[in-house]
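Participant: Need coordinates for the below:
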Amino acid sequence: MGTIRNILIVAQNGRLQYEALLFAASLRHVAANSGLRLVVAEPQPGPLWEDDPRISRPAIRRELRALGAEIVPLHNKVFGARYPQGNKLEALALLPAGEPFAFFDTDTLVTGPIADVVAGPPTASTMVEPTWPREPLYGPSLAQIWGALYDRFGLDMTPTLDTQFGADDWRRYLYFNAGWFTAECPHQLGTRLLHYAQDIARDPPPELATQTLYPWLDQIVLPLAVAALGGGRRNTGLDAEKSLHYRALPEIYAYGSDHAVDILEQVTRAPHLWDIFNQHVAFRRMIFKENGPNLRQIMAGTPPPFTYWGRKKRIMDAGHWIR
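Facilitator: Residues are numbered from 1 along each chain as shown. Predicted coordinates for the structure are as follows:
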């Protein structure tokens, strides 16, 4: 099994372009990651986008390239504005076939070496909440819902089950956060992800009649594709010491480690980058107006709620939520 060689993120106009710059800067901040290839997929204008999705800040484009990022056009054929989370599924085709890779959402802070992570068998983030499916009061059961999906694509669900949990416990079933995933070949994984996503969206099994597919479609198909390629749950360190999926900057200050906060402040305050980050209201308030350290003092010693909405509410109650 090879270690990760290529990193993929998707960057576009708006908040994501600033997050992409933070991701790239934190990636290169860790010396061991200097040899990794960073590919930034950039959605292009077309019939699937009402507005121009490309990176709008020339300074961000310039600094991404200065950090060694390759900005590669992504011409959407399946998803687009109606489901931007699907960009990651299409973007995998931009990477070289057969080369170990990792995909990350842009709202990720790199906090450790990634180059030593073994890419296969395929796996993804287990920092996940029970967002899908929602078990109906009168059925079908979780086992029937997931079983219908595995059956649809001729997959065996049994090896994926975590049998320490009962049939009614969501943790029994393979379910990932799509904030990062890794595999040995992006084309093998991407082909399955796209096929499964299109098939389910077009003709969901009857067991999914009461389920909401969006925005969870990428996380619905991810365990299926991982299982199809012989992967599953695996500790890579990407859920802990090597990266932090933060969703919103206040979460880093509220619940991140001292090490994560230190990296955030070092890279955003760099002389050639601070003025760029200062243009975005969340970065400006949390870092440069020092609302972040104030929030960290408020939250000191407080364990984070399990769910995103719980964490968000607590930060909102403290008066510091912004994204």
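Participant: what's near enough to touch residue 189?
Facilitator: Counting by Cβ atoms under 8 Å, 6 or more residues apart in numbering, residue 189 makes contact with 92, 122, 181, 183, 225-226, 229. Where you see a C-beta, it was placed from the backbone N, CA and C, and this is true even at glycine.
Participant: Closest one of these to residue 163?
Facilitator: The shortest approach to residue 163 among the contacts of residue 189 belongs to residue 226, at 18.1 Å (Cβ to Cβ).
Participant: Am I right that the closest one falls within a strand?
Facilitator: No: assigned with DSSP: H, G, I helix; E, B strand; the rest coil, residue 226 falls outside any strand and is helix.
Participant: Residue 178 touches residue 104, doesn't it?
Facilitator: No: under the criterion of Cβ atoms under 8 Å, residue 178 is not in contact with residue 104, lying 10.1 Å apart.
Participant: hmm, back to that, just the contacts of residue 189 now: which is nearest residue 112?
Facilitator: The closest of the contacts of residue 189 to residue 112 turns out to be residue 181 (Cβ to Cβ; 17.7 Å).
Participant: any idea which element that closest one lies in?
Facilitator: strand 177-183 (DSSP states H and E).
Participant: Also residue 64?
Facilitator: According to DSSP H and E, residue 64 maps onto helix 58-66.
Participant: now that helix, how far from the chain's geometric center?
Facilitator: 22 Å (Cα atoms, centre = their mean, to the nearest Å).
Participant: where along the protein do the helices fall?
Facilitator: Under the criterion DSSP state H, helices of the chain are mapped to 15-29, 58-66, 87-91, 142-152, 186-202, 217-228, 249-255, 258-268, 274-277, 281-283, 291-299, 308-317.
Participant: Only the buried residues of the shortest one, if you could.
Facilitator: Read it as helix 281-283. Residues 282-283 are the ones in helix 281-283 that count as buried (16 or more other Cβ atoms under 10 Å).
Participant: Mind checking the pLDDT average for it?
Facilitator: Mean per-residue pLDDT for helix 281-283: 97.
Participant: again, but for the second one
Facilitator: Averaged over helix 58-66, pLDDT sits at 98.
Participant: Check which helices and strands it is in contact with.
Facilitator: Applying 3 or more Cβ pairs under 8 Å, 6 or more residues apart in numbering; DSSP states H and E, we find helix 58-66 packed against helix 15-29, strand 69-74, helix 274-277.
Participant: I'd like to know which of the ones you listed lies nearest to residue 311.
Facilitator: helix 15-29 (17.7 Å).
Participant: which other residues reach that closest one?
Facilitator: 7, 9-11, 33-34, 36, 38, 40, 55-57, 60, 63-64, 67-69, 104, 106-111, 114, 263-264, 266-268, 270, 273, 276-277, 279-280, 282-283, 323.
Participant: and what of stretch 245-263?
Facilitator: By Cβ under 8 Å, 6+ apart, the residues outside stretch 245-263 that reach it are 26, 29, 105, 107-111, 125, 127, 177, 179-180, 244, 264, 282-283, 286-287, 292-293, 295-296, 299, 304, 308, 311-312, 314-315, 318, 320-323.
Participant: again, only using 6 Å
Facilitator: Stretch 245-263 is touched from outside by 26, 29, 107-109, 111, 179, 244, 264, 282, 286, 292, 295-296, 299, 304, 315, 320-321, 323, with contacts defined as Cβ atoms under 6 Å, 6 or more residues apart in numbering.
Participant: Equivalent analysis for stretch 147-158, please.
Facilitator: Contacts for stretch 147-158 (Cβ under 6 Å, 6+ apart): 205, 207, 227-228.
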